[in-house]
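Q: Just to be clear, the model below is a prediction. Sequence and coordinates:
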Amino acid sequence: MNETERYAEARTAVAEARSVVAFTGAGISAESGVPTYRSAGGLWRNYQAEDLATVGAFQRDPETVWGWYSERRSMMGSCEPNAGHLALAALEERLGDEFVLVTQNIDALHHRAGSRRVMEIHGNAFRTVCSVCDYEVEGLQYDTPKSTICPSCGAWLRPDVVWFGEPLDQALLNRAFAAAAACDLFLSIGSSLLVQPAASLPEVALSSGARIIEVNMEPTWLTPEASWSFQGPAGEVLPALVG
Ligand code: APR
């Protein structure tokens with residue numbers, strides 16, 4: 001089957017799907033200028049994750065961790081959603097409640113592209129929460145350490161992201177797994193599928209009989225299992241699939 005036929009087949013699968021789960025990783029934001037983690041130029045190629053993205057790192061040196069997330073916030077805030085984000089927002093528009101977007105990304109670009117039915121299972125870098133009590137605030141600017149002390153209990157405030165070794169929001173994760181088990185089409189987009197428990201979502205979809213479309217720049221363990229796998233930039237492939 002040639003490329004045109006593969007695209008036509010996958011496009012029909014998207015058009016005929018009764019319920020769709022789109023699962024995204026850092027790759028969908030690469031064309032917007034947000035670095036990925038593990039591919040060329042990825043964050044973990046230049047930083048030690050355990051020095052910046054763990055509770056231990058934050059307890060040892062909250063100012064360095066805050067400085068890094070503050071840099072990432074302004075970088076991500078200056079990026080724009082790309083055609084891949086917009087294609088998923090259009091798919092949600094078309095499918096309504098039969099569409100769920102589960103993202104590992106913390107850059108809020110899906111929201112800015114217009115997606116509303118979004119599960120941010122690794123959190124959102126622009127939201128700030130207290131490391132002890134349930135105080136939460138959107139868009140707090142980190143300028144001095146003083147600005148990151150909880151006004152209600154005096155503990156450190158932190159970015160509302162899931163750090164290595166931390167548990168994910170179990171209720172949110174259960175909803176994501178339930179959606180993956182119920183869908184008939186699962187799109188895996190821009191993820192190396194190496195980090196658990198997120199990387200088990202495609203497995204649940206597969207074992208529940210869903211068809212899989214993968215869009216990634218390089219093969220993953222899912223590639224041989226996918227009904228269609230497209231190795232190319234999400235910003236080009238997704239618009240061609242969603243139509
Ligand atoms: N279009 C599609 N895929 C792309 C693009 C692109 N333009 N650019 C890169 N990719 C692919 C890469 O080939 C890579 O396989 O995106 C994938 C990104 O993989 P990772 O960098 O590992 O990112 P991700 O899978 O989202 O990581 C999961 O790991 O560090 C933690 O919490 C962090 O949420 C993150 C999790």
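A: It's in.

Q: So what does S188 look like in phi/psi?
A: For S188, the backbone dihedrals (degrees, to the nearest 10) come out as phi -110, psi 120.

Q: Excluding residues flanking it in the chain, which one is nearest it?
A: Of all residues beyond its chain neighbours, the one nearest S188 is E214 (4.7 Å), with distances taken as C-beta to C-beta, 6 or more residues apart in numbering. For every residue, glycine as well, the C-beta is placed using N, CA and C.

Q: mind listing what that neighbour touches?
A: Residues in contact with E214 (C-beta atoms under 8 Å, 6 or more residues apart in numbering) are L187, S188, I189, T220, L222, T223, A226, W228, S229, F230.

Q: Please read off the pLDDT at it from the model.
A: If you check E214, the pLDDT there is 98.

Q: Then K146?
A: If you check K146, the pLDDT there is 73.

Q: And L193, by the same measure?
A: At L193, the model reports a pLDDT of 98.

Q: Now for it: which residues touch it?
A: G25, A199, P202, T220, W221, L222.

Q: redo that, cut-off 10 Å
A: If a contact means C-beta atoms under 10 Å, 6 or more residues apart in numbering, then L193 has 23, 25, 104, 199-203, 214, 216, 220-223 as its contacts.

Q: The residues you listed in strands, which ones?
A: F23, E214, N216 (DSSP state E).

Q: ok so, going back, of the contacts of L193, just the buried ones, ChimeraX syntax please.
A: A single ChimeraX command is used to select the members of the contacts of L193 judged buried by 16 or more other C-beta atoms under 10 Å:
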select :23,25,104,199,201,202,214,216,220,222
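
Q: In space, what's closest to L91 - neighbours in sequence excluded?
A: Per C-beta to C-beta, 6+ apart, closest to L91 is V242, 5.1 Å.

Q: same check, this time on D169
A: I121 (7.2 Å).

Q: tell me, how many neighbours does A8 end up with?
A: Close neighbours of A8, defined as other C-beta atoms under 10 Å, add up to 12.

Q: per-residue confidence at it?
A: At A8, pLDDT is 97.

Q: quick one, what contacts it?
A: By C-beta under 10 Å, 6+ apart, the contact list for A8 reads M1, N2.
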